[in-house]
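Trainee: pasting the sequence and the predicted model now:
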Amino acid sequence: MQLKENPDMEITYDEKEYIVYLLNSNAGGQLLKNCFDRAATEDRNRPFLVTPTATAKLYEDARASKTLPNRVLMGENLLGICDIVAPASCSYFTILSDPIERIVSTYVQALSSGVLQEGESIKNWAFRQRDYFLNQLLQTAESCSEPNGDGAAEVEIAIQSHPDESLDVALIGITEWFKLVCNSADMTGCLRALQLAYGLDLSVCIDDFAGLKPAGKDMDPALAQLLEDQTTDGDYKGKTPLEKLKNKLQQDEEISDVMHADSQCYQKVVQTARIEDEEVDKRRRK
């Protein structure tokens, strides 16, 4: 990973380097996008958000022009885009969150937005969300170029056919494919590492990251009751509705099996991000 290379040498930055943020849902993406927008002194440093429906077109245009629409890109299923614009300088970074916490938060969002009916359980939602991280990490330029998200479906079939091999590839990729990986539980540390890795001044966002409210605060009472109704079969005394749901999933063996690959990916990110934090501290003391 570039952040760890030649630690004794003076750091230099390529101001033309493409920065590709592989977005994972509910892992601080909106907060980071707002940060980049606020800190940008030029339009090219503002994040260009690639929506799922626009991904295939992005790859098509990149193949034709060998360029990207902006210096900073963010979106799901963007692995492989740097290969297309080579030999231009281009690198990836990503942020992952605890997979159980991601399931809980996306479930709450889906209920709030009406994507889910009130009767669907969080357990069913967890099964629908299986291999989310793993699928992202195994995407290629070819699979991402498929229209209508067909590439992601093909990758999931491959994962189900070869689960152990797929996980091994992803775990290696976490340390080899990314210039930087972050743990969403430490967004302030992620911000520091991003500044060091890319020479960006993101100091304007420090207070935003440090002042994050705990999840579940100010929740709509009706929604809180819906969540409470799913945790009546256990001892969750003194916990918030979100904490209860998290505990419920953690204690479910079927969910543990379904979330095994994503949990392993997350633990690898936690381990790698910890090493990066140590490197950041060393560089800052010089």
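Mentor: Looks like it came in fine.

Trainee: in this structure, where is pLDDT below threshold?
Mentor: 1-13, 149, 209-238, 274-286 (pLDDT under 70).

Trainee: try 50 this time
Mentor: 1-11 (pLDDT under 50).

Trainee: what about the strands in the stretch 51-200 of the chain?
Mentor: In the stretch 51-200 of the chain, the strands defined using DSSP state E, counting those that start in this stretch lie at 72-75, 90-96, 180-183.

Trainee: give the pairing partners of the last one; include direction for each.
Mentor: The reference is to strand 180-183. If you go by DSSP bridges, strand 180-183 pairs up with strand 90-96 (parallel).

Trainee: for the strand it pairs with, what is the distance to the chain centroid?
Mentor: 9 Å (Cα atoms, centre = their mean, to the nearest Å).

Trainee: can you check stretch 132-141 too?
Mentor: 11 Å.

Trainee: hmm, back to that, closest to residue 197 out of the strands of the stretch 51-200 of the chain?
Mentor: strand 180-183 (4.8 Å; Cβ to Cβ). Heads up, the C-betas are built off the backbone N, CA and C, glycines and all.

Trainee: on the three-state scheme, residue 26 is what?
Mentor: Residue 26 falls in the coil class when you classify it by DSSP: H, G, I helix; E, B strand; the rest coil.

Trainee: got it, and residue 19?
Mentor: Classified using three-state DSSP, residue 19 is strand.

Trainee: now it: how far from residue 270?
Mentor: 23 Å (Cβ to Cβ, to the nearest Å).

Trainee: what's the most buried one of the strands of the stretch 51-200 of the chain?
Mentor: Burial of those is given as mean neighbour count (mean count of other Cβ atoms under 10 Å); strand 180-183 ranks first at a mean of 25.

Trainee: so what touches that one?
Mentor: Identification of contacts with strand 180-183 by Cβ atoms under 8 Å, 6 or more residues apart in numbering yields 1, 3, 93-97, 174, 189-190, 193-194, 197, 266, 269-270, 272-273, 276.

Trainee: same thing but at 10 Å, please
Mentor: Outside strand 180-183, the residues that touch it by Cβ atoms under 10 Å, 6 or more residues apart in numbering are 1-3, 19, 21-22, 27-28, 32, 91-98, 174-175, 189-191, 193-194, 196-198, 265-266, 268-277, 280.

Trainee: are any of these buried, and if so which?
Mentor: 1, 3, 19, 21-22, 27-28, 32, 91-98, 174, 189-191, 193-194, 196-198, 265-266, 268-270, 272-273, 276-277, 280 (16 or more other Cβ atoms under 10 Å).

Trainee: could you find the closest non-adjacent residue to residue 24?
Mentor: residue 96 (5.7 Å; Cβ to Cβ, 6 or more residues apart in numbering).

Trainee: those helices in the stretch 101-250 of the chain, which residues are they?
Mentor: Along the stretch 101-250 of the chain, the segments classed as helices by DSSP state H, counting those that start in this stretch run 122-128, 132-137, 141-144, 150-161, 163-176, 187-198, 206-210, 221-228, 241-250.

Trainee: the closest residue to residue 76 other than its chain neighbours: neighbour count?
Mentor: Excluding the flanking residues, the one nearest residue 76 by Cβ to Cβ, 6+ apart is residue 23, at 5.3 Å. For residue 23, the neighbour count with other Cβ atoms under 10 Å is 23.

Trainee: now stretch 65-82 - C-alpha only, CSV.
Mentor: C-alpha atoms of stretch 65-82 as CSV (Å, rounded to 0.1, in the frame of the first residue of the first chain):
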residue,chain,number,x,y,z
SER,A,65,-11.4,8.7,-23.6
LYS,A,66,-8.9,7.1,-21.2
THR,A,67,-10.0,9.8,-18.7
LEU,A,68,-12.4,10.1,-15.8
PRO,A,69,-15.0,12.8,-15.4
ASN,A,70,-13.4,14.3,-12.3
ARG,A,71,-10.3,13.8,-10.1
VAL,A,72,-12.4,12.3,-7.3
LEU,A,73,-14.9,9.6,-8.0
MET,A,74,-17.1,7.9,-5.5
GLY,A,75,-19.6,5.0,-6.0
GLU,A,76,-20.2,1.3,-5.7
ASN,A,77,-18.6,-1.2,-8.1
LEU,A,78,-15.7,1.0,-9.2
LEU,A,79,-12.9,-1.5,-8.9
GLY,A,80,-11.1,-1.9,-12.2
ILE,A,81,-11.7,1.7,-13.4
CYS,A,82,-8.0,2.6,-12.7
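
Trainee: buried residues in stretch 155-175?
Mentor: 155-156, 159, 166-167, 170-171, 173-174.
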